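1. This is a predicted model, with the sequence first.
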Amino acid sequence: MKKILMVTVPLLIVGGLYYGYKMMYPDAMSPTGNRSIPLSEIAEHATADSCWMAIQGKVYDVTPFVKSGFHPGKDAILLGCGKDATEVFTNRPNGSGSHSEKAFSGLPKYEIGLLASN
């Protein structure tokens, strides 16, 4: 009986804390990344140290990618930080067209929410 309580009580506490958090912050990001994020909040993340961008209605925190230095265009990625970067992403400034399928397929791991409609 003591072993059952040792397992059950912590689970109930964690579950209660999670439920309480969700009740207090209903707009908090879910694991599916469906948090609604306004452009004004995205604009607060417009640097290499914190780079969020919206692309085709989804919001991405690409800060880890920026800091990794793996972007083929180096600092060109910073042109999209803090804004709706759909146009920049689909029509690159250097005139080489849209980003590759590889670039599109890498986006989901950085998704943090959806662009709020104003």
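-> In hand now; what should we look at? Predicted, not measured: the structure shown is a model, and the values here were computed from it.
2. so where's the protein uncertain?
-> 1-33, 93-95, 118 (pLDDT under 70).
3. all strands for it, in order.
-> Secondary structure of the chain (DSSP state E): strands at 36-37, 46-47, 50-55, 58-61, 83-84, 111-115.
4. Now the ones you listed in TSV, please, with extra columns for mean neighbour count.
-> Backbone N, C-alpha and C define where each C-beta goes, glycine included. Below are the strands of the chain laid out as TSV (neighbours: other CB atoms under 10 Å):
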stretch	mean neighbour count
strand 36-37	17
strand 46-47	14
strand 50-55	22
strand 58-61	22
strand 83-84	18
strand 111-115	18
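5. For residue 96, find the nearest of those strands.
-> Ranking the strands of the chain by proximity to residue 96 (CB to CB) places strand 50-55 first, at 17.0 Å.
6. that older thread, put together a markdown table for the strands of the chain, with distance to residue 90 on each row.
-> Formatted as a markdown table, those follow (distance: least, CB to CB, whole Å):
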| stretch | distance to residue 90 |
| --- | --- |
| strand 36-37 | 20 |
| strand 46-47 | 20 |
| strand 50-55 | 8 |
| strand 58-61 | 13 |
| strand 83-84 | 11 |
| strand 111-115 | 15 |
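7. Ok, which of the ones you listed comes nearest residue 72?
-> Nearest to residue 72, of all those, is strand 50-55, at 16.1 Å by CB to CB.
8. relative to strand 111-115, how tilted is that closest one?
-> Per axes from the mean of the first three to the mean of the last three CA atoms, to 10 degrees, the angle that strand 50-55 makes with strand 111-115 is 50 degrees.
9. Pull up the pairing partners for strand 50-55, direction included.
-> strand 46-47 (antiparallel), strand 58-61 (antiparallel), strand 83-84 (parallel) (DSSP bridges).
10. Tell me which of those sits nearest to residue 107.
-> That would be strand 58-61 among these, by CB to CB, at 5.9 Å.
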